[in-house]
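**Q** Next comes the sequence, and after it the predicted model I'd like to discuss.
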Amino acid sequence: MSDLICENYPMVLVMSRFGIALGFGEKNIGEVCRQNNVDRCTFLTVVNFLTETAYSPIPAESINRCLSLKSLMTYLHNAHDYFLNFRLPHIRRKLVEAIADCPEDISFVIRQFFDEYALEVHKHMTYEEKTVFPYVDGLLEGKKDPKYNISIFSKRHDQIEMKIVELKNILIKYYPGQGTHLLNSVLFDIFATEEDLATHNRVEDYLFVPAILALEKQLK
Amino acid sequence: MNTTLKIAIAEHSAVIRYGIEAILKRITEYRMQFIEIANHEDLQEELRAHTPDILIINPAFPGSFPITQLREETGCTHMKCIALIYSATNSHLLRAYDDQFNIYDTVEEIKLKLDRMHLPEKTETFDNEDEQQTLSSREKEIVVCVVKGMTNREIADKLFLSTHTVITHRRNIARKLQIHSASGLTIYAIVNKLVELSDIQQ
């Protein structure tokens, strides 16, 4: 397990989103998963998917049948929680502090931009939590909602990292005040979040959605 | 420009699909994202969903219609189409394609073909960037209107333009500044002193 994390830092986030804490000693992945009641197959599927560089949708038949949608949803849910309740508020605090020295009107519009963005992410993720996850829960119990199917979701699923890319561009190109260590650090947080959100969306589009499609077919 | 090329590979054989992907990945000058299309039933739907920049397709792939028609029907009008050749093919059929990959091509040959396809565009955008990334005074006027929350119709009326022209201006603004949202433009406008905060807070 520690080899995995050290070779690929972002995996530390994956691990914690599956509910595995640090401090696992020399144990291997299987043991750590067992100890934490994490579905090993789902964990490995996500890790393999993220370390793979080609991002094509996984054909439904090649998704391992042992993949647990329940487990995958826990992972996605925890990721949402991380973005909404930790990552974005954290960036906001730092950002507000970093731009405190620039003229009031500018810091005002930057804050406003960020808040609008955070609201968008909120909407995006709440939709998944309130609509998509309950739908999948129903499917798992063998109930198919005739009014909904997962392609509705994939059609309206947009790339939520685009607007944070915009904020990054704006800060880089037009920020008028003195650059500070703190502002640089905010920028690095934004880079990381951009990447993280993009991967998060990829897991949803290319792993979660195909798995549900397969389940829908089965239930027909 | 740090763009990702979206490359769709339409081919029945998994061995060949993976082979092409593996070769393309060795060309490190481009960032690529692959869309694999294994079944001809999925072709149109996948193209519509992903609007790839490049489609590599076996001309024998059923449903590859006339390429021009495929482009139109899937809304991928700018998509480059590369024929994937591994048997003797009627040259007449290949005329509609932008280029061909032969199954015996080396990595260098393939890279050359990719470069040929994309360099003209790249140099073009670089020229543009040199020329002007800053906004013209007309464009600045439009930024101010957008930031004040005016609709395209209102902007058109105020500046005596057609809405069509306003839309074109807005597209150019978005391209030059890499800012697509109204709230992003607000920051730009405030920083560059095009408007005062009090103008937009009414």
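**A** Everything's here; your move. Quantities reported herein were computed from a predicted structural model and do not represent experimental measurements.

**Q** use CA for all of it now, contacts and neighbours both
**A** Noted.

**Q** Just confirm residue B:200 contacts residue B:148, I think it does.
**A** Yes. Residue B:200 is within contact range of residue B:148, at 5.2 Å (criterion: CA atoms under 8 Å).

**Q** so who does the most centrally placed residue in chain B touch?
**A** The centroid of chain B falls nearest to residue B:53 when counting by CA atoms, centre = their mean (5.9 Å). Counting by CA atoms under 8 Å, 6 or more residues apart in numbering or on different chains, residue B:53 makes contact with B:5-7, B:78-80.

**Q** Residue A:125 now?
**A** Contact analysis of residue A:125 by CA under 8 Å, 6+ apart lists residue A:80.

**Q** Secondary structure element holding it?
**A** helix A:104-127 (DSSP states H and E).

**Q** and for the helix or strand just after that helix, what are the contacting residues?
**A** For helix A:104-127, the succeeding helix or strand toward the C-terminus, using DSSP H and E, is helix A:133-140. Helix A:133-140 is contacted from outside by A:70, A:73, A:144-145, A:148, A:212, A:215-216, A:219, using CA under 8 Å, 6+ apart.

**Q** mind giving me the domain ranges of chain B?
**A** Chain B is divided into the following domains under automatic domain parsing: B:4-129, B:137-200.

**Q** Need those domains in TSV (columns: mean pLDDT).
**A** Shown next, in TSV, are the domains of chain B (pLDDT from 0 to 100):
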stretch	mean pLDDT
domain B:4-129	79
domain B:137-200	90
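
**Q** Compile the contacts of residue B:53 into JSON lines and extend it with columns for neighbour count and secondary structure.
**A** Output for the contacts of residue B:53, formatted as JSON lines (neighbours: other CA atoms under 10 Å in any protein chain shown; DSSP: H, G, I helix; E, B strand; the rest coil):
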{"residue": "B:5", "neighbour count": "15", "secondary structure": "strand"}
{"residue": "B:6", "neighbour count": "18", "secondary structure": "strand"}
{"residue": "B:7", "neighbour count": "24", "secondary structure": "strand"}
{"residue": "B:78", "neighbour count": "12", "secondary structure": "coil"}
{"residue": "B:79", "neighbour count": "20", "secondary structure": "coil"}
{"residue": "B:80", "neighbour count": "19", "secondary structure": "strand"}
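
**Q** which of the residues you listed lies closest to residue B:96?
**A** Of all these, residue B:80 has the smallest distance to residue B:96: 10.4 Å, by CA to CA.

**Q** can you pull the contacts of the closest one?
**A** Going by CA under 8 Å, 6+ apart, the list of residues near residue B:80 reads B:53-55, B:97-98.

**Q** Going by proximity to chain A, name the top residue of chain B.
**A** residue B:35 (4.9 Å; CA to the nearest CA).

**Q** next one: phi and psi at that residue?
**A** phi -120, psi 120 (degrees, to the nearest 10).

**Q** Quick one: neighbours of residue A:176, just the number.
**A** Per other CA atoms under 10 Å in any protein chain shown, the neighbour tally for residue A:176 reads 14.

**Q** Then it would be within a helix, right?
**A** No. Applying DSSP: H, G, I helix; E, B strand; the rest coil, one finds residue A:176 to be coil, outside a helix.

**Q** Pull the residues that contact stretch B:12-29.
**A** B:9-11, B:32, B:34, B:36-39, B:61, B:107, B:110-111.
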